[in-house]
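In: Provided below for reference: sequence and predicted model.
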Amino acid sequence: MLIYDLGYFKQEAMMDMSEKGAYFLSRYSHRTGIYTKPEGKLVHFEIVEKLKKAVLNEIALCEFEVWFSKDGRQLKVRLIAEKIPDEVVSEQSLFW
């Protein structure tokens, strides 16, 4: 298993690892397109809308099956999102 930092977020490397049977853990880079695959066709996954809906429904932990797609290659991944507690958000805003 390899744990990635955002500075090393490379879809190609993750796809290569998966093809060799290895696992990885990484934070999601917001610049990366993610997709769902209903009926076998890739469709853009509206992550912001899904997370807004989760917040409205007071769901703190979400899990989604999504796909990366790059240069004709595809990789199914599990995307997990957890709401940051308000006190942590307050602390973080002091640094920005």
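Out: Thanks, I have the structure now.
In: from here on, contacts and neighbour counts on C-alpha atoms
Out: Fine.
In: Whatever helix or strand residue 18 lives in - what's its average pLDDT?
Out: Assessed by DSSP states H and E, residue 18 sits inside helix 11-19. Here helix 11-19 scores 92 as its mean pLDDT.
In: same thing with stretch 30-42?
Out: For stretch 30-42, mean pLDDT is 92.
In: Could I get the buried residue list for it?
Out: In terms of neighbour count (16 or more other CA atoms under 10 Å), stretch 30-42 has its buried residues at 34-36, 42.
In: Can you give the contact residues for it?
Out: Residues outside stretch 30-42 that contact it (CA atoms under 8 Å, 6 or more residues apart in numbering): 43-45, 65-69.
In: Of these, keep whichever come out buried.
Out: Buried by 16+ other CA under 10 Å: 45, 66-69, out of these.
In: Adding secondary structure and distance to residue 3, write the buried residues of stretch 30-42 out as CSV.
Out: Shown next, in CSV, are these (DSSP: H, G, I helix; E, B strand; the rest coil; distance: CA to CA, whole Å):
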residue, secondary structure, distance to residue 3
34, coil, 20
35, strand, 22
36, strand, 24
42, coil, 27
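In: In TSV, list those along with distance to residue 13.
Out: Shown next, in TSV, are the buried residues of stretch 30-42 (distance: CA to CA, whole Å):
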residue	distance to residue 13
34	16
35	18
36	21
42	21
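In: Can you tell me which of those residues comes closest to residue 79?
Out: Of all the buried residues of stretch 30-42, residue 34 has the smallest distance to residue 79: 9.6 Å, by CA to CA.
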